[in-house]
Every structure is written in C-alpha cells, then in structure tokens.
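Q: Here's my sequence, what's the structure:
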Amino acid sequence: MFIAFYRWKLKRGKERQFRTAWTKVTLAIRKDCGSLGSRLHKAEDGTWAAYAQWPSKKLWKACRTLDAKTDIARRKMRAAVKQRFPSLYLTVRDDYLTRER
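A: From the prediction side, this is the model:
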C-alpha cells in the first residue's frame, strides 16, 4: 500500500471552500483512479492534513488527469490555501488500523 500525505495552512475564512473542493476531488480520484480514499484532518496548530491510500505507487502516479469539473474543484482547493507544506510519500510496512466499531 502507498500513502500520499499532504499538509496545508488555509486562508482565513476559506475552510468551507477547501473542504467542499477537497471532497469533490477526493471522491473523483477514488472513483476514476482507483485510490482507496483519503482522510482530511485539522491539526491543533490550525493546519490541515490529508492522507490518501493507494494500492500502489504506480497507480497513484498514473492518476494525473481528471475531468473539467474536478479540475475546477482542484483550483478552488488551491485558491483556499495560504501555504502548502512539502508532501510525504509513504509505504505501509505494518498496519493495525481498524474501522470504527
């Protein structure tokens, strides 16, 4: 399993715009590119973080083009970002997460 980890500082008052756009982009990527989905988090320091799970890095790399509606959502997402931190790319070695019971 491959993980892409992202972190941002959002512009004040743009959280809703970001979350709405992030949801559209994430669902389109899951549907059209074969990702296993993503989770969005707000950190105690006010930054936002998301990690996306993929069956493989090869599949993640192959997903570079999306339809026009998804591209609009991606641009709205970027417009809400004040600062983007470097991305991390991770390979799962051990996994003991479970779904909520």
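Q: can you give me the strands for the protein?
A: Along the chain, the stretches classed as strands by DSSP state E are 2-10, 37-42, 48-54, 81-84, 88-91.
Q: Output those strands as TSV; include the columns mean pLDDT, mean neighbour count and distance to residue 61.
A: C-beta coordinates here come from the backbone N, C-alpha and C atoms, glycine included. Putting the strands of the chain into TSV (pLDDT from 0 to 100; neighbours: other C-beta atoms under 10 Å; distance: least, C-beta to C-beta, whole Å) gives the following:
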stretch	mean pLDDT	mean neighbour count	distance to residue 61
strand 2-10	97	17	9
strand 37-42	96	13	16
strand 48-54	96	18	9
strand 81-84	98	12	20
strand 88-91	96	11	10
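Q: Spatially central residue in the chain, please.
A: Most central in the chain under C-alpha atoms, centre = their mean is residue 50, positioned 4.9 Å from the mean C-alpha point.
Q: Distance-wise, check that one relative to residue 57.
A: 17 Å (C-beta to C-beta, to the nearest Å).
Q: likewise residue 95?
A: Noted for residue 95: a distance of 16 Å to residue 57, by C-beta to C-beta.
Q: Find me the pLDDT at the nearest residue to residue 33 once chain neighbours are set aside, would you?
A: The shortest distance from residue 33 to any non-neighbouring residue, by C-beta to C-beta, 6 or more residues apart in numbering, is to residue 63 (3.4 Å). We have a pLDDT of 87 for residue 63.
Q: Count residues in the vicinity of residue 63, would you?
A: Per other C-beta atoms under 10 Å, the neighbour tally for residue 63 reads 15.
Q: Fine, thanks again, bye for now.
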